[in-house]
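**Student:** what's the 3D shape of this:
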Amino acid sequence: MSIKTILAPTDFSENAQVAFETAFDLALEATPDARLSAQLEEMSLEDAERLLIKKALARYEGNANRAAEALGLSRSALYRRLQKYNLS
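**Tutor:** The predicted structure is shown next:
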């Protein structure tokens, strides 16, 4: 049995909060479907991050620099997450 911890935005640093809000907005802009908004709120942080990375890369046609900037990440942080989620 696994235990899922629910994190609140205040559990993160201010920079992380801004980056997550930017990434969340990016996902909503890329897919105007209201169901996606509800799905994102129900997802684990890792699933949401995976989805947002995929959407950012698609939006910027695979340009890691631009995707990382839109997500509020350094390029190296984006590459670490690509490896973590087997997206590379």
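**Student:** quick one, helices of the chain?
**Tutor:** 14-30, 34-42, 45-59, 64-71, 75-84 (DSSP state H).
**Student:** in the fourth one, what's buried?
**Tutor:** Same thing as helix 64-71. 64, 67-71 (16 or more other CB atoms under 10 Å). Every C-beta, even on glycine, is put in place using the N, C-alpha and C of the backbone.
**Student:** compute the inter-axis angle for that helix and helix 75-84.
**Tutor:** 90 degrees (axes from the mean of the first three to the mean of the last three CA atoms, to 10 degrees).
**Student:** alpha carbons only: can I get helix 64-71 in PDB?
**Tutor:** The C-alpha trace of helix 64-71 is given here as PDB (Å, rounded to 0.1, in the frame of the first residue of the first chain):
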ATOM      1  CA  ALA A  64      15.000  22.500 -24.700                       C
ATOM      2  CA  ASN A  65      16.200  26.000 -23.900                       C
ATOM      3  CA  ARG A  66      12.900  27.600 -24.600                       C
ATOM      4  CA  ALA A  67      10.900  24.800 -22.900                       C
ATOM      5  CA  ALA A  68      13.100  25.100 -19.800                       C
ATOM      6  CA  GLU A  69      12.700  28.900 -19.700                       C
ATOM      7  CA  ALA A  70       8.900  28.600 -20.000                       C
ATOM      8  CA  LEU A  71       8.800  26.000 -17.200                       C
END
